[in-house]
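Participant: Okay, predicted coordinates and the sequence, questions at the end:
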Amino acid sequence: MKLSLNEQNAERVIEALLFTSSEAISIKELKKNLPTNIDIESVIEKLQKHYETRGINLKRVGKSIVLRTAKDLDHLFVKKKVKKKSLSRAARETLAIIAYHQPVTKLEIEEIRGVSVGSGTIDVLMDLEWIKFGRRKLSPGRPVTFLTTDIFLDYFDLSSTKDLPGGKELRELGLSVRKLNQD
Amino acid sequence: MKLSLNEQNAERVIEALLFTSSEAISIKELKKNLPTNIDIESVIEKLQKHYETRGINLKRVGKSIVLRTAKDLDHLFVKKKVKKKSLSRAARETLAIIAYHQPVTKLEIEEIRGVSVGSGTIDVLMDLEWIKFGRRKLSPGRPVTFLTTDIFLDYFDLSSTKDLPGGKELRELGLSVRKLNQD
Amino acid sequence: MEEPTEYHSSAKPELHVILDGFEGPLDLLLTLAKSQKVDLKKLQLGILAEQFLNYLKNHGYKFKLEFAGDYLVMAAWLTLLKSQLIIPEDELKENDGDKINQLLALRLERLAKIRENATWLFDRPQLSQDFFPSSISKNKKVIKEDCINVQIADVLRAYTGIIDKQDYEVSLQTKEEYLFLDKAINYIEQRVKGSKALISFSNLVKEIHTLSGIDAKRCAASIFCGLLEHAKLGKIQMKQTNTFSSLELAIVSNGNKG
């Protein structure tokens, strides 16, 4: 059945409202944004039908409606859940040193930072797959070295670590430490 | 045109992923979730067409795609409006220079504005993730360069830096300045 | 790449001149030029020069030039232009004034253009102003496999922090130039351990030089010091049969120690 111009617009409004809302929206609430002469029930029914076969489905929950990803696509979203958190200062510093000095050993990182590097710090970066082991260094004890990975480059949208600014450039760019001291 | 079963499913997968992301998703990233034999470009094209008349539109932003509410429905979201980003004139002009002349070095930015890039300018644009590092320039000192990001395009409702008006004119101006400088 | 213009190469990063709200001389010139209400290509540079110099005079920058190097060069440039309008034409070197004239006009035009474009950009519909993102946040950012929230600028700042703190000079290809004594001592220990045969000093230097890429003479010096250190502790013995002949090393077995 063809929709009237009004109904078509009502569909668009409901779609946009649902899209920007993380929770279900009551029909009462939706009505506030629509002309009074709209038969909201029939519009919802049509929307529901429209979304039936798509990646997103429109669901009724009591007197509200909500958009949810289709059940059969759940596998897309089961990736490991890491709590959204910022990287510790130690980890950021270690990551930066590895990016600039790779291949670099743990001892060398510690020399540059002036403090020892906890194994947790390396673990965090390893878990993120931002760093990996490089060749062992041809020096006494043949210690392992660390390198950054392609995943690191990808995450930070870099084409190469060589494109990062050097020490002098960093200072000139004014990417200063000021803001870091806040944490 | 009718879609194959595979393509239909690709549509659904892309839809579901976009629906649940507040940020644009790169085509590279989307591909990871699709069978390799899918012509993703044609699927995106069809999806884009599908959403053209709806309350949500599918947009291309650089090498990424994203779903955003239709612009004519902005009145629905008065409460959701965030405060406009207020940037210094230096930052706005620097951004424009990077957008038009990318990849561009700090020195080139300074040359155009006739004043050095103060600390804080690049900082702000980096924090907004509107600019990123490009490849180093093959010129003395191999200086770092800057590019705009897909997040920048998304923010300003652009699908490509080619959408910026007057780019050709500006580049020609740049060339004439350079030529005169060298003579 | 564009060569920096003459006046610019003198600008240090911290020289960020804002005089009465003008960001640098080009900015001021553009404003002055606009007050002439003419096409930038047909600028009356003579008038512009006069205006600029008057501006500097009226604002007392004549005596604060250390504070405004950019302005000084710009002023010199414009004074040159103005003087050329006064000098009889046949005494003028051909093209000279013309070129500066053109260059300045082009640069002003380019800055004006960029300014227009910046305005155009910020007048555009903007995210979360005119169009809105998904809030179906159950799976927000799930695409980026990890939900770590860190930007490259944060990583760079971390690095700036380190190099600032230690005054550590960095280059992207850091290669060690010196063999530090503790490393030399370590290396000798590893190398000599378990080796029954005599090792010659020159071979040892050669080995370390190849491994580390550090200058051979510097390696030799560090290793020699390292050997003395070991010898003092009684861990190794050195012998040299003749003056300038090769120096041989042997480890002192545990039994002989003390």
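Facilitator: That came through fine.

Participant: Count the neighbours of the residue in chain A that chain B sits nearest to for me.
Facilitator: Nearest residue of chain A to chain B (CB to the nearest CB) works out as residue A:174 at 2.3 Å. Glycine gets a C-beta too; all of them are placed from N, C-alpha and C. Residue A:174 has 18 neighbouring residues, counting by other CB atoms under 10 Å in any protein chain shown.

Participant: Backbone dihedrals for it, please?
Facilitator: Torsion angles at residue A:174 (phi, psi; degrees, to the nearest 10) stand at phi 70, psi 20.

Participant: now residue C:180
Facilitator: Dihedral angles (degrees, to the nearest 10) for residue C:180: phi -70, psi 150.

Participant: Run through the residues that contact the nearest residue to it once chain neighbours are set aside.
Facilitator: Nearest residue to residue C:180, sequence neighbours excluded (CB to CB, 6 or more residues apart in numbering or on different chains): residue C:222, at 7.1 Å. Contacts for residue C:222 (CB atoms under 8 Å, 6 or more residues apart in numbering or on different chains) come out as C:178, C:179, C:180, C:181, C:183, C:184.

Participant: How about the helix or strand containing residue C:222, which residues are buried there?
Facilitator: Assessed by DSSP states H and E, residue C:222 sits inside helix C:216-232. For helix C:216-232, burial by neighbour count (16 or more other CB atoms under 10 Å in any protein chain shown) applies to C:218, C:219, C:220, C:221, C:222, C:223, C:224, C:226, C:227, C:229, C:230.

Participant: Report the distance from the worst-scoring helix or strand of chain A on mean pLDDT to the chain centre.
Facilitator: None of the helices or strands of chain A scores lower by mean pLDDT, DSSP states H and E than helix A:167-173, at a mean of 80. Averaging C-alpha positions (CA atoms, centre = their mean, to the nearest Å) puts helix A:167-173 28 Å from its chain's average.

Participant: got it, and stretch A:25-38?
Facilitator: Distance, centroid of stretch A:25-38 to centroid of chain: 34 Å (CA atoms, centre = their mean).

Participant: Output it as PDB, restricted to C-alpha atoms.
Facilitator: Presented in PDB, the C-alpha positions along stretch A:25-38 are these (Å, rounded to 0.1, in the frame of the first residue of the first chain):
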ATOM      1  CA  ILE A  25      10.500   5.500  22.900                       C
ATOM      2  CA  SER A  26       6.900   5.400  24.000                       C
ATOM      3  CA  ILE A  27       4.200   5.900  21.400                       C
ATOM      4  CA  LYS A  28       2.900   8.800  23.400                       C
ATOM      5  CA  GLU A  29       6.300  10.500  23.100                       C
ATOM      6  CA  LEU A  30       6.500   9.900  19.400                       C
ATOM      7  CA  LYS A  31       3.100  11.400  18.900                       C
ATOM      8  CA  LYS A  32       4.300  14.700  20.200                       C
ATOM      9  CA  ASN A  33       6.600  15.000  17.200                       C
ATOM     10  CA  LEU A  34       3.900  14.100  14.600                       C
ATOM     11  CA  PRO A  35       0.800  15.900  13.200                       C
ATOM     12  CA  THR A  36      -2.300  14.900  15.200                       C
ATOM     13  CA  ASN A  37      -4.100  13.500  12.200                       C
ATOM     14  CA  ILE A  38      -1.500  10.700  11.700                       C
END
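
Participant: That stretch vs chain C: in contact?
Facilitator: No - counting by CB under 8 Å from any CB of the partner chain, chain C has no neighbours in stretch A:25-38; the shortest distance is 11.2 Å.

Participant: Longest helix of chain C, counting residues only.
Facilitator: Longest helix in chain C by number of residues (criterion: DSSP state H): helix C:96-122.

Participant: by contact count, what packs against that helix?
Facilitator: Contacts defined by 3 or more CB pairs under 8 Å, 6 or more residues apart in numbering or on different chains; DSSP states H and E place helix C:96-122 against helix B:89-101, helix B:106-113, helix B:167-182, helix C:24-35, helix C:45-58, helix C:69-86.

Participant: what's the angle from it to helix B:106-113?
Facilitator: 100 degrees (axes from the mean of the first three to the mean of the last three CA atoms, to 10 degrees).

Participant: Could you pull out the buried residues of helix C:96-122?
Facilitator: In helix C:96-122, counting by 16+ other CB under 10 Å, buried: C:97, C:100-111, C:113-115, C:117-118, C:121-122.
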